[in-house]
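Student: Show me how the following folds:
(one chain, ligands or ions: 1)
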Amino acid sequence: MTARVKICGLTRPEDVRAAVESGADAIGLVFYPPSPRSVSPAQARALANEVPAFVTVVGLFVNPTREEVESVLEQVPLDLLQFHGDETPAFCAGFGRRWIKAIRVREAGEIEDAFADYRNAAGLLVDAWDPERYGGTGRVFNWDLIPQERPLPLILAGGLSSDNVSAAVEQVRPWAVDVSGGVEKGKGIKDIRKIRHFINEVHRVCKTD
Ligand SMILES: O=C(O)c1ccccc1NCC(=O)[C@H](O)[C@H](O)COP(=O)(O)O
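Tutor: Below is the predicted model of the structure:
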């Protein structure tokens, strides 16, 4: 088994370098001003410039306007778009880029519905539901709600850390895992040792499978 790792909500070049050196497959940059992890296009460009070939740079948006996404794309070399709000499939597909959709899971059937609705996505990210926040909540949801049949790559997020990621990978067998708060020492400030430990745990459990 293999599970890829995305480290999300990076704001500092040294954290990007640490994630890459530790073996991250993707890094996430948040373009959502209410988030404490939000970065400007200029900051994001500097962060993306730290990323070597074959590591994916993902840009996160929450209910952006078309102009906002286009403006970021003109300034930052993003490989993939990630939409966390109420964006329609047509909106997500409208930028000539590969994209993934994030959903907040509350009850049975929601993931199956999203697989059908967002069938043209490059993946479906499943995260914990929260009444006020669109992501990065540090909350775990009930992994039993995740179906075995998956028409798209499934990316597991929500409250993951080095303490629970091996159990998550063993139970869910996701295409990838996504972490933000679980590798931080403060909002948007990553802890290099936590990043390394998290990625090592994923690699360890995948190797023993
Ligand atoms: O990080 C944020 O503040 C954020 C705000 C709004 C939408 C998405 C956001 N982050 C997305 C992520 O960091 C991850 O995809 C995911 O939610 C995991 O977060 P965590 O539970 O902290 O590991």
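Student: Check whether the residue lying closest to residue 157 once chain neighbours are set aside sits in a helix, strand or coil.
Tutor: Closest residue to residue 157 in three dimensions, ignoring its sequence neighbours and counting by CB to CB, 6 or more residues apart in numbering: residue 178, at 3.9 Å. Heads up, the C-betas are built off the backbone N, CA and C, glycines and all. At residue 178 the chain is in strand, as set by DSSP: H, G, I helix; E, B strand; the rest coil.
Student: ok, now how distant is residue 178 from the ligand?
Tutor: Counting by CB to the nearest ligand atom, to the nearest Å, the gap from residue 178 to the ligand is 5 Å.
Student: OK, contacts around the residue nearest the centre of the chain?
Tutor: Most central in the chain under CA atoms, centre = their mean is residue 178, positioned 4.6 Å from the mean C-alpha point. By CB atoms under 8 Å, 6 or more residues apart in numbering, the contact set of residue 178 is 6, 8, 28, 125, 127, 155, 156, 157, 160.
Student: and the protein, which residues reach the ligand?
Tutor: Residues of the chain lying close to the ligand (CB under 6 Å from any ligand atom) are 8-9, 30, 32, 35, 37, 60, 62, 84, 125, 127, 134-138, 157-160, 178-182.
Student: PyMOL command to pick out the buried ones of those residues?
Tutor: Of the residues of the chain next to the ligand, the buried ones can be selected in PyMOL as follows, counting by 16 or more other CB atoms under 10 Å:
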select buried, resi 8+9+30+32+35+37+60+62+84+125+127+134+135+136+137+138+157+158+159+160+178+179+180+181+182
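Student: Among the residues of the chain next to the ligand, which lie within strands?
Tutor: In strands, defined here by DSSP state E, the members of those are 8, 30, 60, 125, 127, 178, 179.
Student: want to throw the residues you listed into CSV with pLDDT?
Tutor: Formatted as CSV, those follow (pLDDT from 0 to 100):
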residue, pLDDT
8, 98
30, 98
60, 98
125, 98
127, 98
178, 98
179, 98
